Structures are given as C-alpha cells and as structure tokens.
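Visitor: prediction below, plus the sequence it came from.
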Amino acid sequence: MTRTPIHIRDFVTALPLANIMPPEMRILFREFISEDESRIHLGKDEYLSAFENWYAQREATFKAWADYSESSDDRLRHLSLNPRIARKVKLIPERASILDIGCGIGDAVIPFLKNGQTYVGLDQSRYCLSRLKAKYGLPNLSLGETKPSDIKFTLFGALPTTLPFLQSHCFDEILCNMTLPSVKDVQKSIDSIFSLLKPEGNFFISTFNADKANPSTLQKQLRNSSLVYHPTSLIYHKLKEYSSKVRIEDNGGTFKIFEGTAR
C-alpha cells in the first residue's frame with residue numbers, strides 16, 4: 001500500500017512541533033499555511049524559506065508601526081486617541097481583570113494601570129512584546145508556561161481565534177485598540193472578544209473610522225498595505241448581538257470608538 005507523503009503544511013496537525021519551533025511560531029505557521037493554498041506546490045525547504053521570509057516581513061511591519069507610534073509624526077494618536085484610551089483605563093476599578101488585545105508596546109495602557117489590577121497584554125508580534133518587556137518590565141510568557149506570581153504579564157496571541165486562554169468569560173474589561181484593522185474576519189474576531197468577557201463586563205474597541213479615513217494615506221503613513229477598513233455599521237451591528245447598548249464615538253476624525261457592557 002502506497003502512502004501519500006505528508007506535506008510540510010500538514011505538519012501542524014500531523015506531528016507535534018514542540019521540538020521544531022516554539023508555540024508562538026506554530027500559531028503563525030498555521031496562519032501562513034491557510035493564507036495561500038498555492039504554496040502547497042513548494043518543496044519542504046522552499047516552504048520553510050517562504051515562511052521565514054513571510055515572518056520577517058511581518059515583524060518588519062510591526063517594527064515600523066512601533067517606531068511610528070512613538071514618533072512625533074503620529075500626532076493624531078498622541079493628541080486624540082491615546083488620551084482617550086488613558087481616560088478609559090483610569091476609570092477601570094482597582095481589582096478588575098483586564099485583557100488588552102493588541103497591546104503593542106504598551107504605551108497607551110500600561111502607564112495608567114492600578115496596582116491591584118490583573119492585566120494580560122496580548123499581541124501577535126514577538127518584537128513588540130519584547131520591546132514592551134524592556135520598557136515596562138512585564139514578563140512575557142511563552143504559550144504553555146505557568147502563570148507567574150506577577151498579576152501583570154503578556155502573552156502571544158491574535159484575533160480572531162488564536163487566543164491562548166482555556167477559560168471562557170474570565171475578564172472584567174477588554175480593551176481592543178487598533179487591532180481590528182489587522183484582521184479580515186471582524187465578525188469572528190468580535191465573537192472571540194465576547195467569549196472572554198464576563199457577563200456585565202465592559203468593552204472598549206477603537207479602530208479606524210472607515211467612513212472618513214483615507215485608506216491610501218493611512219497605509220502609506222503606517223507602512224502597512226494590508227490594513228482592512230471595516231465599515232462602522234458592520235462593527236456596530238455585530239456588537240449589538242452581545243450588548244443592548246453600544247456607544248459610538250468619533251475620535252479625531254480618523255478613529256472610531258465602540259464602548260459598552262456585555263449582556
């Protein structure tokens with residue numbers, strides 16, 4: 001009996017990869033293999049080389065974003081969005097558990113946290129997580145590691161489905177700032193957010209104002225041509241499935257904020 005060879009793209013389900021690549025890279029590898037089915041025709045070495053190039057370009061994009069977000073060029077974020085996020089974080093109660101999806105390098109949220117709060121920062125860039133750790137000292141856990149005694153830490157993960165939590169509905173507050181433009185399936189991403197938010201928990205989501213923003217200008221500024229501009233109405237109607245009262249706020253003309261409480 002002749003067996004069909006297992007292609008490298010099937011290793012993620014056919015073989016344990018613990019000794020081949022770290023858990024974070026396995027998550028990215030799953031995304032890579034699902035992104036372009038034409039890669040199935042590549043040989044093993046070519047496939048792994050294509051993955052390395054794909055990952056390097058991805059991290060270069062995140063580095064460019066991190067550099068831009070810290071620079072004086074990102075005036076709208078510094079003058080409009082970040083102060084609004086800070087006001088939100090300052091209002092979160094002392095003992096609340098907070099999930100920050102797309103935490104990036106942490107500047108918008110971490111400086112305003114309270115001592116008694118539990119904070120988990122989640123991001124899909126290993127570069128940004130390492131930069132956050134260097135800047136704020138929060139430990140970065142690899143997937144599968146035991147939760148540290150420190151109640152503020154970061155994890156690798158991404159919307160819509162690569163969220164590294166076994167327990168559902170476990171956070172009092174979920175922040176998701178400028179992460180939706182990085183996902184194609186915004187509806188599944190919102191489903192994932194609410195799978196982790198407690199009933200009566202609060203959400204705060206910021207994204208580009210697709211009704212007013214100029215996509216080509218923003219893509220050039222952020223050096224990221226893969227950004228997705230989801231219509232405000234699409235996000236609003238999806239959020240209404242989980243919240244009876246969703247507040248929409250215009251922020252600086254470029255950003256849109258959705259805020260509310262889960263049922």
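Guide: Here it is on my side, so go on. Here the structure is a predicted model, which means the values were calculated and not measured. Residues are numbered from 1 along each chain as shown.
Visitor: element containing the spatially closest residue to Phe112 that is not a sequence neighbour?
Guide: Spatially, and ignoring its direct neighbours in sequence, Phe112 is nearest to Val89 (4.2 Å; Cβ to Cβ, 6 or more residues apart in numbering). All C-beta spots, glycine's among them, are computed from the backbone N, C-alpha and C. Using DSSP states H and E, Val89 sits in helix 82-90.
Visitor: what pLDDT, on average, does the following helix or strand past that helix get?
Guide: Using DSSP H and E, the helix or strand that follows helix 82-90 in sequence is strand 97-101. Strand 97-101 shows a mean pLDDT of 97.
Visitor: stretch 187-205: how far from the chain's middle?
Guide: The chain centroid and the centroid of stretch 187-205 are separated by 13 Å under Cα atoms, centre = their mean, to the nearest Å.
Visitor: list the buried residues in it.
Guide: 189-194, 196-198, 201-205 (16 or more other Cβ atoms under 10 Å).
Visitor: from those, which ones fall inside helices?
Guide: Using DSSP state H, the subset of the buried residues of stretch 187-205 located in helices is 189-194, 196.
Visitor: sorry, back to before: and the buried residues of stretch 187-205 as TSV, adding pLDDT?
Guide: Below are the buried residues of stretch 187-205 laid out as TSV (pLDDT from 0 to 100):
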residue	pLDDT
Ser189	96
Ile190	98
Asp191	97
Ser192	95
Ile193	97
Phe194	97
Leu196	96
Leu197	97
Lys198	97
Gly201	98
Asn202	98
Phe203	98
Phe204	98
Ile205	98
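Visitor: from the residues you listed, pick the one nearest Phe258.
Guide: Ile205 (4.5 Å; Cβ to Cβ).
Visitor: touching, Ser130 and Asn140? I think so.
Guide: Yes. Counting by Cβ atoms under 8 Å, Ser130 does reach Asn140; the two are 6.9 Å apart.
Visitor: comparing these two, which residue is more hemmed in?
Guide: With neighbours defined as other Cβ atoms under 10 Å, Ser130 and Asn140 compare such that Asn140 has more, 17 against 13.
Visitor: surely the more buried one meets Lys152?
Guide: No. With contact defined as Cβ under 8 Å, Asn140 does not count as touching Lys152 (11.2 Å).
Visitor: who's in contact with the closest residue to Gly104 other than its chain neighbours?
Guide: Leaving aside its chain neighbours, Gly104 sits nearest to Cys128 (5.1 Å; criterion: Cβ to Cβ, 6+ apart). By Cβ atoms under 8 Å, 6 or more residues apart in numbering, Cys128 lies in contact with 62, 66, 103-105.
Visitor: need the pLDDT of the residue nearest to Phe194 when sequence neighbours are not counted.
Guide: Distance criterion Cβ to Cβ, 6+ apart; nearest residue to Phe194, sequence neighbours excluded, is Tyr242 at 4.5 Å. Here, the pLDDT recorded for Tyr242 equals 98.
Visitor: now do the same for Tyr242: helix, strand or coil?
Guide: coil (DSSP: H, G, I helix; E, B strand; the rest coil).
Visitor: so it touches Leu196, yeah?
Guide: No. Counting by Cβ under 8 Å, Tyr242 stays clear of Leu196, with 11.6 Å between them.
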